[in-house]
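> model the structure of this input:
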Amino acid sequence: MIHKKTRLCVLVAVFAAAPAFAQNVAVVNGTAIPKSRADALISQLVKQGQQDTPQLHQAVRDELVNREILMQEAVREGIPTRADVKAQVAVAQQTVVLRAMIEDYVTKNKPSDAQVKARYDELIKQAGGNEYHLHHILVDNEQQAKDLIAKIKGGAKFEDLAKQFSKDPGSGKNGGDLDWANPKTYVPEFAAAAEKLKKGQMTDTPVHTQFGWHIIRVDDIRAVKPPPLDQVKGQIVQQMQQEKLQAFEQNLRAKAKVE
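Here you go, the predicted structure:
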């Protein structure tokens, strides 16, 4: 039978050791794997989209145990002391430190709501203009285009001729419909011709581009409708943070003495 005093000593020893044990996820051949290392890997995996579950914690523990076993073998073989390995470790360590510094800088230098709104208004102003709903017919030569224009003016239906003669594989089968778009998305000659037309008008003469000869009709014109701020706020914030980070790096480089 264990004496009460002896039993009390055992319990005290167990409880005294408990906090130290809790700081480790495992001990491999006498080497402890700290819980902080597991927490860091779990946090990284969660950021990548994995669910924080008991199964993930167990998988991370198993992975860290395997790594420690392999690391101990690598140490026995003298791998960490090799010059090439030391150089790679230095680069990896620098990468981790720099990533942490950049994350801290970005966190501390987030643009205000007012700054984001001002940038949004600026972008909307730059993107102003009109969208055009166009139809077109594309053919290989100018004379055929002139003949088709004459037929349309004579009463032939534009869409029917587009389905029959247009060489544009995307719009031809749809009667030449190009849907809504900013004219700037087209080649310059095409865009310039379209922007000269009013709603309901068609080009009187064929328009030549690198693709062939076009007959263009404007079905409708509308002002470009910008996306709401809430929809693009994240992209604007990211762009502004990147600009601040670049300026921060350039400022440090300007102050640095590089020989």
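> residue contacts, P169?
Under the criterion of C-beta atoms under 8 Å, 6 or more residues apart in numbering, P169 has no neighbours. Glycine gets a C-beta too; all of them are placed from N, C-alpha and C.
> longest strand of the protein?
strand 212-223 (DSSP state E).
> who are the packing partners of it?
Other helices and strands packing on strand 212-223, by 3 or more C-beta pairs under 8 Å, 6 or more residues apart in numbering; DSSP states H and E, are strand 130-139, helix 142-153, helix 188-195, strand 207-209.
> describe which strands the last one pairs with in its sheet and in which direction.
Using DSSP bridges, the strands paired with strand 207-209 are strand 212-223 (antiparallel).
> for the partner strand, buried residues please.
Of the residues in strand 212-223, 212-219, 221 count as buried by neighbour count, 16 or more other C-beta atoms under 10 Å.
> the inter-axis angle of that strand versus strand 130-139?
Per axes from the mean of the first three to the mean of the last three C-alpha atoms, to 10 degrees, the angle that strand 212-223 makes with strand 130-139 is 160 degrees.
> quick one: strand 212-223 to chain centroid distance?
Its chain's C-alpha centre and that of strand 212-223 lie 33 Å apart, by C-alpha atoms, centre = their mean, to the nearest Å.
> report the next helix or strand after it in sequence order.
Toward the C-terminal end, the helix or strand that comes next after strand 212-223 (DSSP states H and E) is helix 229-255.
> name the helices or strands packed onto that next one?
Counting contacts by 3+ C-beta pairs under 8 Å, 6+ apart, helix 229-255 packs against helix 83-108, helix 113-126.
> buried stuff in it?
Neighbour counts over helix 229-255 (16+ other C-beta under 10 Å) mark 232-233, 236-237, 240-241 as buried.
> same question for stretch 190-202.
190-191, 193-194, 197, 202.
> endpoints of that stretch, how far apart?
End-to-end span of stretch 190-202 (C-alpha to C-alpha, to the nearest Å): 13 Å.
> that stretch - what's its average pLDDT?
The average of the pLDDT scores along stretch 190-202 is 96.
> please apply the same query to stretch 147-161.
Rounded mean pLDDT across stretch 147-161 is 97.
> and the contacts of stretch 53-67?
Residues outside stretch 53-67 that contact it (C-beta under 8 Å, 6+ apart): 25-26, 28, 33, 37-38, 41-42, 45-46, 50.
> swap that for stretch 95-102, sorry
Counting by C-beta under 8 Å, 6+ apart, L245 sit against stretch 95-102.
> can you pull the buried residues of that stretch?
Across stretch 95-102, burial judged by 16+ other C-beta under 10 Å covers no residue at all.
> can I get it as PDB, trimmed to CA atoms?
Extracted in PDB, the C-alpha atoms of stretch 95-102 (Å, rounded to 0.1, in the frame of the first residue of the first chain):
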ATOM      1  CA  THR A  95      11.500  35.600 -46.100                       C
ATOM      2  CA  VAL A  96       9.500  34.800 -42.900                       C
ATOM      3  CA  VAL A  97      10.700  37.900 -41.100                       C
ATOM      4  CA  LEU A  98      10.000  40.200 -44.100                       C
ATOM      5  CA  ARG A  99       6.500  38.700 -44.600                       C
ATOM      6  CA  ALA A 100       5.700  39.400 -40.900                       C
ATOM      7  CA  MET A 101       7.000  43.000 -41.200                       C
ATOM      8  CA  ILE A 102       4.900  43.600 -44.400                       C
END
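> and that stretch, how far out from the chain middle?
That offset, for stretch 95-102, works out to 20 Å (C-alpha atoms, centre = their mean).
> centre of the chain to stretch 207-214, how far?
How far stretch 207-214 lies from its chain's middle: 36 Å, per C-alpha atoms, centre = their mean.
> one more: stretch 131-147?
38 Å.
> one step back: most packed of the helices and strands packed on strand 212-223?
strand 130-139 (a mean of 22; mean count of other C-beta atoms under 10 Å).
> can you tell me what sits against that strand?
Outside strand 130-139, the residues that touch it by C-beta under 8 Å, 6+ apart are 145, 148, 158-159, 161-162, 165-168, 171-172, 175-183, 190, 194-195, 211-224.
> any idea of the angle it forms with helix 142-153?
Interaxial angle of strand 130-139 relative to helix 142-153 (the same axes, to 10 degrees): 120 degrees.
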